[in-house]
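Visitor: Return a 3D structure for these sequence lines:
(2 chains)
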Amino acid sequence: MHELSVALEICRIAEEKLGPGEAGRLVAVGVEIGEQAGIEPDNLTFCLEALLGAPPFGSARPEITRLPGDTLRVSYLEVDDGRPDD
Amino acid sequence: MAVRTIEVRERVMARNDELAAQVRSTLRQAGVVALNLVSSPGSGKTALLERTLEVLGEELDVAVVTGDVQTQNDADRLARRTDRLVQAVVTGGACHLDALQVQTALAALDLNRTRLLFIENVGNLVCPASWDLGEESKVVVFSVTEGEDKPLKYPKMFREARYAVLNKVDLLPHLRFDLSKAVANARQVNPALRFFFTSALSGEGMDAWYDFLRERVRECVPA
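Guide: Now for the predicted structure:
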């Protein structure tokens, strides 16, 4: 039920870590969720998909990893740096 | 498309926990014991507080921050029992209080005239377990009409709590509620949980609860 609050905080953290103008080029947000974290992963995914598909983001996707324990953290961000593939 | 990875490794609750630490520090400096009352809706948190305010409101300088989803009903009920300030937080649909809301509410309270603070959380046994509000302890209230397996269904809340109030015990003769089984279930998820058995309606068991609150306030000295 509180997954939307958690998703909003994840988006706030992402915005804080990204440079100016990078939010629109965000591709993925890695989130680690412990089995005891009190978070329903499908529900959080639903909330994150809605938030990450709207401004200031473009069409980023959440990438959820399940862990034991009560971890709940943003592990990484993937950004399209605009350069063609090497 | 070349993708760059930014390592973050930041706990989602880090910001809330930072604010909660500030709240905890403010309360400790002022010598205020803060108890976060959590429960499902209808377990009797507000009734427990009404009765507690009647008996201890003046004696222990009790103040209350109460959170409700959409109304000020609980705050209005409590304000009739005390002239101490009752600060209401209407969460506007959110299912829990967070540390920022409590910090904001504290600004309206005179902490120098407060020794015991109750934070009445939103009635919900899931979400409030995840939010540290800067309280000294969480007190989980559940009632004999709810079923003995509540602690097993909502283990995180019962693990987070230090104290449990089993309320509405005046109804026990009318129910098939196995009290010892409820306690055993709770101790299965949290062996250290300290229990109080109360009826906020009849007053049964309330003396032990009052004595506990007096003891907590007596033991708390400003940091």
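
Visitor: going forward, measure contacts between C-alpha atoms and count neighbours the same way
Guide: OK.

Visitor: residue ranges for the strands of the chain, please.
Guide: Went with chain A since none was named. For chain A, the strands defined by DSSP state E occupy A:26-34, A:61-67, A:72-80.

Visitor: looking at chain B here, not the other one
Guide: Residue ranges of the strands in chain B, as given by DSSP E, are B:3-11, B:33-39, B:62-68, B:86-90, B:116-120, B:137-143, B:163-167, B:194-197.

Visitor: about what we covered before: nearest to residue A:10, out of the strands of chain A?
Guide: In terms of CA to CA, the element of these nearest to residue A:10 is strand A:72-80, at 6.8 Å.

Visitor: which residues sit in contact with residue 71?
Guide: You didn't say which chain, so I picked chain A. Contacts were defined as CA atoms under 8 Å, 6 or more residues apart in numbering or on different chains; by that measure residue A:71 touches A:32, A:33, A:34, A:36, A:37, B:11.

Visitor: wait, chain B
Guide: Here residue B:71 is in contact with residue B:90 (criterion: CA under 8 Å, 6+ apart).

Visitor: How about the backbone phi and psi for it?
Guide: The main-chain torsion angles of residue B:71 are listed as degrees, to the nearest 10 and equal phi -130, psi 180.

Visitor: And the furthest pair within the contacts of residue A:71?
Guide: Pairwise distances across the contacts of residue A:71 (CA to CA) peak at 14.6 Å, for the pair A:36 and B:11.

Visitor: can you tell me which helix in the chain is longest?
Guide: Picked chain A for this. Longest among the helix segments of chain A by residue count, using DSSP state H, is helix A:3-17.

Visitor: my question was about chain B
Guide: Ranked by number of residues, the top helix in chain B under DSSP H is helix B:14-30.

Visitor: re earlier: so for chain B, which of the strands of chain A sits nearest?
Guide: Between chain B and those, the shortest separation by CA to the nearest CA is 4.0 Å, and it involves strand A:72-80.

Visitor: So which bits of chain A are right by chain B?
Guide: Contacts of chain A with chain B, taken as CA under 8 Å from any CA of the partner chain, map to A:1-2, A:6, A:9-10, A:13, A:17, A:27, A:36-38, A:71-86.

Visitor: what ranges of the chain fall below the confidence cut-off?
Guide: Just so you know, I chose chain A. Using pLDDT under 70 as the threshold, the predicted model of chain A has low-confidence ranges A:1, A:84-86.

Visitor: Chain B is the one I meant
Guide: Confidence mapping of chain B against pLDDT under 70 gives the ranges B:83, B:85.

Visitor: of all the residues in it, which ones are close to chain A?
Guide: B:1-13, B:94-96, B:126-127, B:130, B:156.

Visitor: Quick check: chain neighbours aside, which residue is closest to residue A:2?
Guide: For residue A:2, ignoring the flanking residues on the chain, the nearest one in space by CA to CA, 6 or more residues apart in numbering or on different chains is residue B:127 at 5.7 Å.

Visitor: Take the strands of chain B and lay them out in a markdown table including mean neighbour count.
Guide: Compiled in a markdown table, these are given as follows (neighbours: other CA atoms under 10 Å in any protein chain shown):
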| stretch | mean neighbour count |
| --- | --- |
| strand B:3-11 | 16 |
| strand B:33-39 | 25 |
| strand B:62-68 | 26 |
| strand B:86-90 | 22 |
| strand B:116-120 | 23 |
| strand B:137-143 | 25 |
| strand B:163-167 | 23 |
| strand B:194-197 | 18 |
